[in-house]
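> A predicted structure for the sequence below; I have some questions about it.
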Amino acid sequence: MSIDWAKLPPPQPAPDLDSQGFWDSIGHGELRLRRCPSCALWHHPPLEHCRRCATPTEFEPVTSTGTVYTFIVQRQPAVVGYSALVPYTVAIVELDDQPGLRLTGRIVDIDADEVHIGMRVDSRIELLPGGDFHIPVFSPTLPREATP
Ligand SMILES: [Zn+2]
């Protein structure tokens with residue numbers, strides 16, 4: 001019997017003490033990252049204590065907007081659960097909350113060849129197939145209509 005890799009769900013996250021709050025909040029529809037309540041520095045990947053002042057960090061909501069810092073276009077079916085999506089784009093997005101605060105996610109709603117560094121994006125939350133986890137994805141920021 002052969003395995004039909006195309007029908008398998010994508011790999012699932014394995015939350016730990018540092019990231020559990022991220023998965024809990026995104027599961028309730030809110031994107032939260034760790035932040036220092038003392039000096040306001042954001043930390044991602046999550047850290048239990050602030051790297052600047054050693055204060056215990058807390059999960060706080062971040063803005064949903066950012067800029068593509070870098071990206072790859074996946075053209076071969078290399079990851080189980082995503083083979084039907086090729087070509088697709090995986091980007092590191094710098095969030096507007098703090099220079100250097102970066103989050104990884106797929107870029108959706110745009111052809112892979114149109115994605116570029118510096119592109120403005122908005123995040124949204126999607127269900128990760130195969131389980132109960134939710135993940136952030138990013139789509140191009142729609143141009144605002146000019147005000148008269
Ligand atoms: Zn701090």
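Arrived safely. Numbering: from 1, shown residues only.

> and Leu142, how many neighbours does it have?
When neighbours are defined as other CB atoms under 10 Å, Leu142 has 9 of them. Backbone N, C-alpha and C define where each C-beta goes, glycine included.

> now Asp111
The burial metric for Asp111, expressed as a neighbour count using other CB under 10 Å, is 10.

> try His44
Once other CB under 10 Å is used to define contacts, His44 is seen to have 19 neighbours.

> mind listing what it touches?
The neighbourhood of His44, defined by CB atoms under 8 Å, 6 or more residues apart in numbering, consists of 33-34, 101-103.

> Equivalent analysis for Thr89, please.
Residues in contact with Thr89, defined by CB under 8 Å, 6+ apart, are 71-74, 106-107, 110, 112, 115.

> closest to Val86 among the residues you listed?
Checking the contacts of Thr89 against Val86 with CB to CB, the nearest one is Gln74 at 6.0 Å.

> Distance-wise, check the closest one relative to Ile125.
Taking CB to CB, to the nearest Å as the criterion, Gln74 is separated from Ile125 by 21 Å.

> where does Asp103 land in three-state SS?
Small correction: residue 103 is Leu, not Asp. Look at Leu103: counting by DSSP: H, G, I helix; E, B strand; the rest coil, its state is strand.

> Which of the contacts of His44 sits closest to the ion?
Minimum distance to the ion across these is 10.6 Å, recorded for Arg34 (CB to the ion).

> Which stretches in this structure count as helices?
Residue ranges of the helices in the chain, as given by DSSP state H, are 20-27.

> Looking at it, which strand is longest?
Ranked by residue count under DSSP state E, the longest strand found in the chain is strand 65-74.

> tell me what it is packed against?
Strand 65-74 is packed against strand 88-95, strand 102-107, strand 120-127, with contacts defined by 3 or more CB pairs under 8 Å, 6 or more residues apart in numbering; DSSP states H and E.
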